[in-house]
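**Student:** here you go, sequence then predicted model.
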Protein chains: 2
Amino acid sequence: MTDPVAETGSPVLAIDIGGTKTAVAVVEPGGRVAAYDRIATPNDAGVDAEGLWRTLESLLDKIAADAGAPELAGVGVGCGGPMTWPAAAVSPLNIPAWRGFPLRERLRSRYPGLPVRVHNDAICVAVGEHWRGAGRGRDNVLGMVVSTGVGGGMVLGGHLIDGASGNAGHIGHVVVDPEGPPCVCGGRGCLEAVARGPGLVAWAQEQGWRPGRRDANGVELAADARRGHPVAEAAMVRAGRALGIAIASATHLCDLEVVAIGGGLSQAGALLFDPLEDALRTHARMEFARQVQVVPAALGQTSGLIGAAALIFAADRYWNAD
Amino acid sequence: MTDPVAETGSPVLAIDIGGTKTAVAVVEPGGRVAAYDRIATPNDAGVDAEGLWRTLESLLDKIAADAGAPELAGVGVGCGGPMTWPAAAVSPLNIPAWRGFPLRERLRSRYPGLPVRVHNDAICVAVGEHWRGAGRGRDNVLGMVVSTGVGGGMVLGGHLIDGASGNAGHIGHVVVDPEGPPCVCGGRGCLEAVARGPGLVAWAQEQGWRPGRRDANGVELAADARRGHPVAEAAMVRAGRALGIAIASATHLCDLEVVAIGGGLSQAGALLFDPLEDALRTHARMEFARQVQVVPAALGQTSGLIGAAALIFAADRYWNAD
């Protein structure tokens, strides 16, 4: 696919707001991150909606100064869901201070005259990986984040798919085992219920795994798997199988070319990807589905920021709203 | 959604080729079927590729004569898969005489200067239901055919999704039970493996159902379910649950508004749709997914022909190839 994006021109201010960290960047038209900063998202009980907003404003002031206060082409934002879309009144699951917070409206007031576009953070990761990462040059790509939750976004026919309410891409809630564990969504046997970090950690602890830290997460579990801990390895097999089944279903339904997987758990490498491939090749048996490639995400921790910038730079492919 | 299709102008010659029947129609720009004919697809061992083609040609001559030999806007075709796409060298699973048969090329030679477009028959049903049937006016629709197999097609963001090779929409191979029955695709626990008519008939016979005919199919099973046969009813519950799980997965992944279900099995009515709804509402629990509506297809046996015509009449929405 040709790439119509100019490599020169004004940069985009990109924002990535998650329950753990908030990152900001100035991203150039070609996708290069010219300035970057991040903070822990203020998330204790004393923080209210306006306090969180003021913290974000300070971070935005600082990054603009760091970058020499450039003229901006727009503001692109990835934020934890759920949110109304495209209005982006956001209620991030892991940021209780914001419930229906009018993020897009606030940013529009702060940056009058500039386009401001907000999407789900996992969507932005998928867009980043399609625009400049592991899915570049392919027209049918699923991008996934396997971490505290399991999220994703899909580019089909070269264009981001939003669905009826901006929620397309929720691969974490594809059913992989109808009789499986209950899911935070209220369902049962969703991919996320099996493969999310906290779910795997709980399962591994039930099987006798004893983490080094009380607040162990999927990254520590993945590290122990790499060190050869048999229960941690079994947890990666469990996650990998669930991922392979969900990806087989998605590939049959959407005729995907590439699936790019990022997030902490993907650091387990072959311990995760080998059982994933086994399950995928067992279940994705239609001839057209056999060519799908599952690869690690390529952009690392800046993928969401680069995707957020693409909502502005490559709006013809990634922004389907007003 | 506004509907830009003119109600006047030249009609389209529409063709629907399946393992059991071959239907042809002259379809007006508004979607009305002006002339219609069908034959049993010649499918015995003595029929070769050219014999089948000559039979189709005779049927096309007849329908053109019946319709008064109108000037045509194009030729739209739904054909059983698999096929190469968009070149449409077709190898329909249930028509052994055609293996790599150059259907589009032959039709182009027969109708020089006219656009000729061929797609999977289940895709054409989905397009028909979106254009003029149960999904009309909605932008995110899955159309399904539950019959000898389970097929489908998806319209997302108002446009038909093709995927990498024209195979998007294969809802029949979404995994509903990883340890479930083997599937004709080589996988295991696909929706089609559980819910296809022959699979249900075999299951019901194992459970003691005795059909009235030796070649009983899903339609007879559905009829017996309506008459209160407990095993036939249980077979509909089995199919309905599998459908509900697959539709929950598809709704979470693609943020669907409407799912339209056609095909012989859908004639079971509430006996199929009630357990389907139960399973769907158990598994489709994300807030955005709760609004999805599952409805019977509205166009009946002509839906595939109307969809084939839409490949010509509404190409901006339904035809993404050359």
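**Tutor:** Sure, I can see it. Residues are numbered from 1 along each chain as shown, chains lettered A, B, ... in the order given.
**Student:** mind checking how far A:Gly208 is from chain B?
**Tutor:** Per Cβ to the nearest Cβ, to the nearest Å, A:Gly208 is found 25 Å from chain B. Heads up, the C-betas are built off the backbone N, CA and C, glycines and all.
**Student:** A:Ile15 too?
**Tutor:** Computed as Cβ to the nearest Cβ, the A:Ile15 to chain B distance reads 23 Å.
**Student:** keeping just the C-alphas, turn the helix or strand of chain A with the lowest mean pLDDT into CSV.
**Tutor:** For chain A, using mean pLDDT, DSSP states H and E, the weakest element among its helices and strands is helix A:218-226, scoring a mean of 91. Extracted C-alpha coordinates of helix A:218-226, given in CSV (Å, rounded to 0.1, in the frame of the first residue of the first chain):
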residue,chain,number,x,y,z
GLY,A,218,1.6,-10.6,34.4
VAL,A,219,5.0,-9.2,33.6
GLU,A,220,6.5,-10.9,36.7
LEU,A,221,4.7,-14.1,35.8
ALA,A,222,6.1,-13.9,32.2
ALA,A,223,9.6,-13.3,33.7
ASP,A,224,9.3,-16.4,35.9
ALA,A,225,8.1,-18.4,32.9
ARG,A,226,11.3,-17.4,31.1
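**Student:** other SSEs contacting it?
**Tutor:** Judged by 3 or more Cβ pairs under 8 Å, 6 or more residues apart in numbering or on different chains; DSSP states H and E, helix A:218-226 is in contact with helix A:197-206, helix A:230-254, helix A:270-283.
**Student:** gap between whatever helix or strand comes next after the longest one and the chain center?
**Tutor:** Pointing back at helix A:230-254 there. On the C-terminal side of helix A:230-254, the nearest following helix or strand under DSSP states H and E is strand A:258-262. In terms of Cα atoms, centre = their mean, to the nearest Å, the centre of strand A:258-262 is found 11 Å from the chain centre.
**Student:** by how many degrees do strand A:258-262 and helix A:230-254 diverge?
**Tutor:** For strand A:258-262 against helix A:230-254, the angle by axes from the mean of the first three to the mean of the last three Cα atoms, to 10 degrees is 140 degrees.
**Student:** mind checking which helix or strand the one residue sitting closest to the centre of chain A is in?
**Tutor:** For chain A, the residue nearest the mean C-alpha position is A:Ala122 (2.5 Å; Cα atoms, centre = their mean). Taking DSSP H and E as the criterion, A:Ala122 maps to helix A:121-132.
**Student:** is chain B within reach of that helix?
**Tutor:** No: using Cβ under 8 Å from any Cβ of the partner chain, helix A:121-132 never reaches chain B; the gap is at least 11.2 Å.
**Student:** now the element after that helix, going C-ward?
**Tutor:** The helix or strand immediately downstream of helix A:121-132 is strand A:141-146, counting by DSSP H and E.
**Student:** any part of that next one near chain B?
**Tutor:** No: counting by Cβ under 8 Å from any Cβ, chain B is not contacted by strand A:141-146; separation bottoms out at 8.8 Å.
**Student:** just the C-alphas of that strand, formatted as PDB.
**Tutor:** C-alpha atoms of strand A:141-146 as PDB (Å, rounded to 0.1, in the frame of the first residue of the first chain):
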ATOM      1  CA  VAL A 141      -4.700  -6.100  10.700                       C
ATOM      2  CA  LEU A 142      -5.700  -6.800  14.300                       C
ATOM      3  CA  GLY A 143      -3.700  -5.100  16.900                       C
ATOM      4  CA  MET A 144      -3.900  -6.400  20.400                       C
ATOM      5  CA  VAL A 145      -2.700  -5.400  23.900                       C
ATOM      6  CA  VAL A 146      -2.400  -8.200  26.400                       C
END
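**Student:** pull up the pairing partners for that strand, direction included.
**Tutor:** strand A:150-156 (antiparallel), strand A:258-262 (parallel) (DSSP bridges).
**Student:** most tightly packed of these?
**Tutor:** Compared across the strands paired with strand A:141-146, strand A:150-156 shows the largest average neighbour count, a mean of 28 (mean count of other Cβ atoms under 10 Å in any protein chain shown).
**Student:** stretch A:179-188: end-to-end distance?
**Tutor:** 7 Å (Cα to Cα, to the nearest Å).
**Student:** that stretch near chain B at all?
**Tutor:** Yes: using Cβ under 8 Å from any Cβ, a contact is recorded between stretch A:179-188 and chain B, made by A:183, A:185-188.
**Student:** can I get those residues in a markdown table including neighbour count?
**Tutor:** Formatted as a markdown table, the residues of stretch A:179-188 next to chain B follow (neighbours: other Cβ atoms under 10 Å in any protein chain shown):
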| residue | neighbour count |
| --- | --- |
| A:Cys183 | 22 |
| A:Cys185 | 19 |
| A:Gly186 | 14 |
| A:Gly187 | 23 |
| A:Arg188 | 18 |
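**Student:** any chance of the residues you listed in CSV, plus distance to A:Ala289?
**Tutor:** Formatted as CSV, those follow (distance: Cβ to Cβ, whole Å):
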residue, distance to A:Ala289
A:Cys183, 25
A:Cys185, 26
A:Gly186, 30
A:Gly187, 25
A:Arg188, 26
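**Student:** got the contact list for the residue of chain A most remote from its centre?
**Tutor:** Distance to the chain centre peaks in chain A at A:Gly208, reaching 30.5 Å (criterion: Cα atoms, centre = their mean). A:Gly208 makes contact with A:Val231, according to Cβ atoms under 8 Å, 6 or more residues apart in numbering or on different chains.
**Student:** and it, that's in a strand?
**Tutor:** No: counting by DSSP: H, G, I helix; E, B strand; the rest coil, A:Gly208 is not found in a strand; it is coil.
**Student:** for it, grab phi and psi.
**Tutor:** A:Gly208 adopts backbone torsions of phi 110, psi 0, taken as degrees, to the nearest 10.
**Student:** repeat that for A:Asn167.
**Tutor:** Main-chain dihedrals, A:Asn167, degrees, to the nearest 10: phi -110, psi 10.
**Student:** can you report how many residues neighbour it?
**Tutor:** Using other Cβ atoms under 10 Å in any protein chain shown, A:Asn167 has 24 neighbouring residues.
**Student:** wouldn't it be in contact with B:Ala284 here?
**Tutor:** No: contact criterion Cβ atoms under 8 Å: A:Asn167 and B:Ala284 do not qualify, at 11.7 Å.
**Student:** which among the helices and strands packed on helix A:218-226 is found nearest to chain B?
**Tutor:** The minimum distance between chain B and those falls on helix A:230-254, with 3.8 Å, by Cβ to the nearest Cβ.
**Student:** for the closest one, which residues meet the burial criterion?
**Tutor:** Within helix A:230-254, the residues that count as buried by 16 or more other Cβ atoms under 10 Å in any protein chain shown are A:231-254.
**Student:** report whether that helix contacts chain B.
**Tutor:** Yes: Helix A:230-254 reaches chain B (Cβ under 8 Å from any Cβ) through A:241, A:245, A:248-250, A:252-254.
**Student:** would you turn these into TSV with pLDDT?
**Tutor:** Output for the residues of helix A:230-254 next to chain B, formatted as TSV (pLDDT from 0 to 100):
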residue	pLDDT
A:Arg241	98
A:Ile245	98
A:Ala248	98
A:Ser249	98
A:Ala250	98
A:His252	98
A:Leu253	98
A:Cys254	98
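**Student:** thanks a lot, catch you later.
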